[in-house]
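Undergrad: Give me the fold of what follows.
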Amino acid sequence: MGRGFAERDRLTGVVRAAYGSKRGIASLERLRGGSKKGVYRLAFDDETTAILYVWNPAENYWPTVGDEASTDLADPFCEASGFDLFEASHARLGSLGVAVPRIHLMDRSKAHYPAEIALVEDVRGGTLEDLLRRDPQQAEPVLKRLSAALATMHRDHSQGIGKLTAVSSGAARQDRSCEQIVLDRALEHLDQAAARIDRVAAARSQLADVTRTLAAAVRPRVQHGLIHGELGPDHVLIDDDGQPVLIDIEGVMFFDVEWEHAFLGLRFHDHYRWLRASGLDDQRLRFYLLALHLSLIAGPLRLLDGDFPDREPVMKIIEWNTGQALSFLG
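TA: Below you'll find the model as predicted:
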């Protein structure tokens, strides 16, 4: 599809609605990494900055077919992008005392710009990912604070499963447990990966058996915690006081906290020791870890079917997770 990115001259009305006439746009920069929404840094003529989120199909690099693009609100893994999801997640996290960027303006009317938008605080302390790479020791206090924030989220319980908007509206009602949802997705992802990667195709039957065996060992559960869903160190900014600030929050949902911890282990590697929690179900963790590897093969393959520009890192994700999934075969 044709891409239509934000242009400085078209954002005058947005800035005026947020700040009045006291600020003008000095520059506009589209930030790398966004694959579902446009993310821009606006620099103003008074030397302040802000971040603009734009939910516009022209900014979404994901193909519109496949489970991650699902619009079924009963699916906890339905499309994790959109104004409503951001608004609900921002409000819920804020109510729990979990730091998120402050909102300067939210507009779904398209009166100021031809897409749903949010203008938010620009947290300028960099990402936790950058700090871990530069100075792991300096990052330790931030990791401890992040661990406390996650514990607060995970203690926010619900018997419902799914995105916040779906749970609150009742649209998330279903008869499947978290582990059954993950099993169904994992087997779909295995089929998708096997259709395109020879090493996965050769081990498809064995991987399916292992996936089902791990799922069968998981004990039933009826209570679920609030999780971010895709929390890597690149989704944590650091404010001027050294506090972690969560971004890319549209995927926040009620689900098994082990899903969060399996993902944290993948993304934080050795630094995960600061985030590890007690009382986790080891069998559930192992099953979810395999399911995540399969997801991180199939999902990136779909992304590459489109015109996403930063392709080399995506290929590395596919290759690494292929090896990790195959390691479950012993």
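Undergrad: Please tell me how far residue 320 sits from residue 269.
TA: 12 Å (Cβ to Cβ, to the nearest Å). Every residue, glycine included, has its C-beta placed from N, CA and C.
Undergrad: out of these two, which sits in the more crowded spot?
TA: Remark: of residue 320 and residue 269, residue 320 carries more neighbours, 14 against 11, as counted by other Cβ atoms under 10 Å.
Undergrad: quick one: buried residues of the helix or strand encompassing the more buried one?
TA: Using DSSP states H and E, residue 320 sits within helix 311-326. By neighbour count on 16 or more other Cβ atoms under 10 Å, the buried set for helix 311-326 is 314, 318, 321-322, 324-326.
Undergrad: now the helices for this protein?
TA: 12-19, 83-95, 128-134, 136-154, 164-169, 178-194, 198-202, 204-216, 257-268, 282-304, 311-326 (DSSP state H).
Undergrad: Where among those is average confidence lowest?
TA: Between the helices of the chain, the lowest average pLDDT goes to helix 164-169, which shows a mean of 89.
Undergrad: Using CSV, write out every CA atom in that one.
TA: The C-alpha trace of helix 164-169 is given here as CSV (Å, rounded to 0.1, in the frame of the first residue of the first chain):
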residue,chain,number,x,y,z
LEU,A,164,-8.8,-3.9,28.6
THR,A,165,-11.4,-2.6,26.2
ALA,A,166,-12.6,-6.1,25.5
VAL,A,167,-12.8,-7.2,29.2
SER,A,168,-14.6,-4.0,30.3
SER,A,169,-17.1,-4.3,27.5
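Undergrad: what packs against it?
TA: Packing partners of helix 164-169 (3 or more Cβ pairs under 8 Å, 6 or more residues apart in numbering; DSSP states H and E): helix 83-95, strand 253-255.
Undergrad: switch to 6 Å and redo it
TA: helix 83-95 (3 or more Cβ pairs under 6 Å, 6 or more residues apart in numbering; DSSP states H and E).
Undergrad: which residues sit against the helix it packs on?
TA: 55, 100, 108, 116, 164-165, 249-250, 252 (Cβ atoms under 6 Å, 6 or more residues apart in numbering).
Undergrad: Can you pull the phi/psi pair for the residue nearest to the spatial centre of the chain?
TA: Nearest to the mean C-alpha position of the chain, counting by Cα atoms, centre = their mean, stands residue 230 at 3.5 Å. With angles defined as degrees, to the nearest 10, residue 230 sits at phi -140, psi 50.
Undergrad: ok, it - contacts?
TA: Residue 230 is in contact with residue 251, counting by Cβ under 6 Å, 6+ apart.
Undergrad: One more: the one 5 residues further on?
TA: Contacts were defined as Cβ under 6 Å, 6+ apart; by that measure residue 235 touches 247-248.
Undergrad: Residue 271 now?
TA: By Cβ under 6 Å, 6+ apart, the contact set of residue 271 is residue 132.
Undergrad: one step back: ok, which of the helices of the chain comes nearest residue 29?
TA: Ranking those by distance to residue 29, with Cβ to Cβ as the measure, places helix 12-19 first at 14.9 Å.
Undergrad: Run through who's touching the closest one.
TA: Residues outside helix 12-19 that contact it (Cβ under 6 Å, 6+ apart): 23, 25, 104-105, 112-113, 119.
Undergrad: and which of the residues you listed is nearest residue 186?
TA: residue 119 (38.3 Å).
Undergrad: Enumerate every residue touching that closest one.
TA: Residues in contact with residue 119 (Cβ under 6 Å, 6+ apart) are 18, 50, 52, 104-105.
Undergrad: Could you measure from it over to residue 41?
TA: Counting by Cβ to Cβ - residue 119 and residue 41 are separated by 11 Å.
Undergrad: Count the neighbours of residue 101 for me.
TA: 21.
Undergrad: List the contacts of it.
TA: 120-121, 123.
Undergrad: Just give me the closest of the residues you listed to residue 180.
TA: residue 120 (36.4 Å).
Undergrad: Which residues are in contact with the closest one?
TA: Residue 120 sits in contact with 51, 101, 103, where contact means Cβ under 6 Å, 6+ apart.
Undergrad: Not counting its neighbours along the chain, what's nearest it?
TA: Leaving aside its sequence neighbours, residue 120 sits nearest to residue 101 (Cβ to Cβ, 6 or more residues apart in numbering; 4.1 Å).
Undergrad: Quick check: the gap between the one you found and residue 36.
TA: Going from residue 101 to residue 36 by Cβ to Cβ gives 17 Å.
Undergrad: Residue 192 too?
TA: Going from residue 192 to residue 36 by Cβ to Cβ gives 19 Å.
Undergrad: okay, the contacts of helix 83-95 in TSV with distance to residue 276 and neighbour count next?
TA: Formatted as TSV, the contacts of helix 83-95 follow (distance: Cβ to Cβ, whole Å; neighbours: other Cβ atoms under 10 Å):
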residue	distance to residue 276	neighbour count
55	34	21
100	23	21
108	39	14
116	37	20
164	26	24
165	30	18
249	22	23
250	26	28
252	21	27
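Undergrad: right, so of the helices of the chain, which gets closest to residue 75?
TA: Short answer: helix 178-194, nearest of the helices of the chain by Cβ to Cβ, at 7.7 Å.
Undergrad: buried stuff in that closest one?
TA: 178-179, 181-183, 185-187, 189-190, 192-194.
Undergrad: Cool, thanks, talk later.
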